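K.L.:
From the sequence below, what's the structure:
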Amino acid sequence: MNIYVDCGSFIGQTVRSFMQWAGPDLSKWEIHAFEANPNIVAQYPPEVKFQPVAAWTREGFIDFYVSERNPCVDGASLLSSKRTGHLDLKHPLRVRCIDFPAWSLNLFESPDIANTDRAILKMNVEGAEYNILPAMLSNGSLACFDDLYLEAHCEKIGMPEAESAALLAKVRQVVNLHTMRDFYETFK
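P.N.:
Below is the predicted model of the structure:
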């Protein structure tokens, strides 16, 4: 069994790209997708275990900021510090969030998944990666994955590049780190 987890699945284009790449071996993959934006209605095939929640570091509810101009597109975020996307900071939505590091550990502890051949994590969560990844390093869940395809957003949330680079150096010690550009080149 193999695992593909897509955090920030948006309208499902990366999930579909991955499924097309898997082709006849699709039945060998367990696929999970997370998207917090309730304005997005993506249709997933039955093979995808979709959760309309935010990947975060705790269970509960959290403010979620969407664009004033186009709530379905412009890079919504859990972070009010995000500088792009014309976010409506005065009227956040309340969305359900999960403790993604704990969820990941639970996933890999299940008997069906215990002997995973390959595990891939794709993360495009508009700045929340800088909260999620340290928590995954702390609880060991990041090491359950072989590959991480990441869209890093340090400049969009005002994080110094050196701080982002230090975190990503730690991430590289436990997982093969790739960019989203790599994702689109690999899974076409």
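K.L.:
What are the contacting residues of the lowest-mean-pLDDT helix or strand in the chain?
P.N.:
None of the helices or strands of the chain scores lower by mean pLDDT, DSSP states H and E than helix 154-157, at a mean of 90. Helix 154-157 has contacts (C-beta atoms under 8 Å, 6 or more residues apart in numbering) with 75, 77, 79, 81-85, 126-127, 130, 160-161, 163-164. Any C-beta I mention is one placed from the backbone N, CA and C, and that applies to glycine too.
K.L.:
So which of these sit within helices?
P.N.:
130, 161, 163-164 (DSSP state H).
K.L.:
ok, of these, which come out buried?
P.N.:
Using 16 or more other C-beta atoms under 10 Å as the burial test, these include 130, 164 as buried.
K.L.:
and of the ones in helices among the contacts of helix 154-157, the nearest to P111?
P.N.:
Y130 (33.1 Å; C-beta to C-beta).
K.L.:
is it true that that closest one touches A165?
P.N.:
No. If you go by C-beta atoms under 8 Å, Y130 and A165 don't touch, sitting 11.8 Å apart.
K.L.:
So which residues of this structure form helices?
P.N.:
13-22, 100-109, 129-139, 154-157, 161-172, 180-186.
K.L.:
Grab the nearest non-local neighbour of M136.
P.N.:
L142 (3.8 Å; C-beta to C-beta, 6 or more residues apart in numbering).
K.L.:
Ok, Q51 next?
P.N.:
F34 (5.2 Å).
K.L.:
Show me what the one you found is bridged to.
P.N.:
On the basis of DSSP bridges, F34 takes part in beta bridges with C7, Q51.
K.L.:
Burial check on it, number of neighbours?
P.N.:
23 (other C-beta atoms under 10 Å).
K.L.:
From E155, how far off is it?
P.N.:
24 Å (C-beta to C-beta, to the nearest Å).
K.L.:
For E30, find the nearest of the helices of the chain.
P.N.:
helix 100-109 (8.6 Å).
K.L.:
Can you give me the buried ones in that closest one?
P.N.:
For helix 100-109, the neighbour count (16+ other C-beta under 10 Å) marks 100-104, 107-108 as buried.
K.L.:
Stretch 118-126 now?
P.N.:
Applying 16+ other C-beta under 10 Å to stretch 118-126 flags 119-126 as buried.
K.L.:
now swap in stretch 61-72 and tell me
P.N.:
The neighbour-count check on stretch 61-72 (16+ other C-beta under 10 Å) flags 62-67, 71 as buried.
K.L.:
same check, this time on stretch 178-188
P.N.:
178, 183, 187.
K.L.:
Tabulate those (a markdown table), appending distance to H91.
P.N.:
Below are the buried residues of stretch 178-188 laid out as a markdown table (distance: C-beta to C-beta, whole Å):
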| residue | distance to H91 |
| --- | --- |
| H178 | 35 |
| F183 | 32 |
| F187 | 36 |
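K.L.:
So which of these is the closest to I3?
P.N.:
For the buried residues of stretch 178-188, the residue nearest I3 by C-beta to C-beta is F187; the value is 14.6 Å.
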